[in-house]
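K.L.:
sequence first, then the predicted structure, then my questions.
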Amino acid sequence: MLDRTSTKFSHVKEGDTPYVSGGLRDFFLYRDLGIADATHGKVIAHLVKANMAPEQGTGWHRHEADFQIVIMVKGWARFMYEDKETLVEAGDVVHQRPGIRHYLFDYSPDMEYLEIVSPADFKSVDVEPVCAVPAPTPWK
């Protein structure tokens, strides 16, 4: 049975929390949705949106996390998951299995996604390149 006393109720309305820089990637903005606080660090949920045109992308990395999903809300992004190029478009949901090596290398100017990860303080670890990565699409 679930322990319902170890987390708090949370309701974050649009406008309650701003998009801010200073997250994992400089070229994205992040909006905290209050979930890390409500779950005492068990889970984080934030909205992530494009802030600058893709130049270098995220680089090859993996996350030390037990669970991670990305739900594309607007626009699109292109990832390499291991050696497979994957286009993720608005409405798509991706479960990134623990430890999968990946590289977000291209995205639209209106890209925005919801990311849910456990634990909230997950780590990102650089890894050796898996394969060549296509060039990003220039923004006009």
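P.N.:
Right, received. Where do you want to start?
K.L.:
and the helices in the chain, which stretches?
P.N.:
Per DSSP state H, the chain carries helices over the ranges 35-38.
K.L.:
so how far is S6 from the spatially most central residue of it?
P.N.:
When C-alpha atoms, centre = their mean is applied to the chain, the residue found nearest the centroid is E115 (4.6 Å). Distance, E115 to S6, by C-beta to C-beta, to the nearest Å: 23 Å. The C-beta positions use only the backbone N, C-alpha and C, and glycine is treated the same way.
K.L.:
just K140 next, same as before
P.N.:
Distance, K140 to S6, by C-beta to C-beta: 49 Å.
K.L.:
got it, and M72?
P.N.:
31 Å.
K.L.:
and those two? Which one has more around it.
P.N.:
The residue with more neighbours, out of M72 and S6, is M72; 21 against 9, by other C-beta atoms under 10 Å.
K.L.:
the more buried one touches L87, doesn't it?
P.N.:
No. Contact criterion C-beta atoms under 8 Å: M72 and L87 do not qualify, at 9.8 Å.
K.L.:
ranges for the strands of the chain?
P.N.:
Here the chain has its strands, by DSSP state E, at 28-32, 44-50, 61-64, 67-74, 76-81, 84-89, 93-95, 102-107, 112-118, 123-126.
K.L.:
and the contacts of the shortest one?
P.N.:
Contacts with strand 93-95, where a contact means C-beta atoms under 8 Å, 6 or more residues apart in numbering, come from 68-72, 79, 86, 88.
K.L.:
do the second one as well
P.N.:
Under the contact criterion C-beta under 8 Å, 6+ apart, strand 44-50 has outside partners 19, 23, 27-33, 35-36, 73-75, 107-122.
K.L.:
cool, the last one as well?
P.N.:
Applying C-beta under 8 Å, 6+ apart, the contact partners of strand 123-126 are 24, 59-65.
K.L.:
what pairs with it, and is each one parallel or antiparallel?
P.N.:
Sheet pairing of strand 123-126 (DSSP bridges) gives strand 61-64 (antiparallel).
K.L.:
identify all contacting residues around the partner strand.
P.N.:
Outside strand 61-64, the residues touching it (C-beta under 8 Å, 6+ apart) are 96, 98-103, 117, 122-127.
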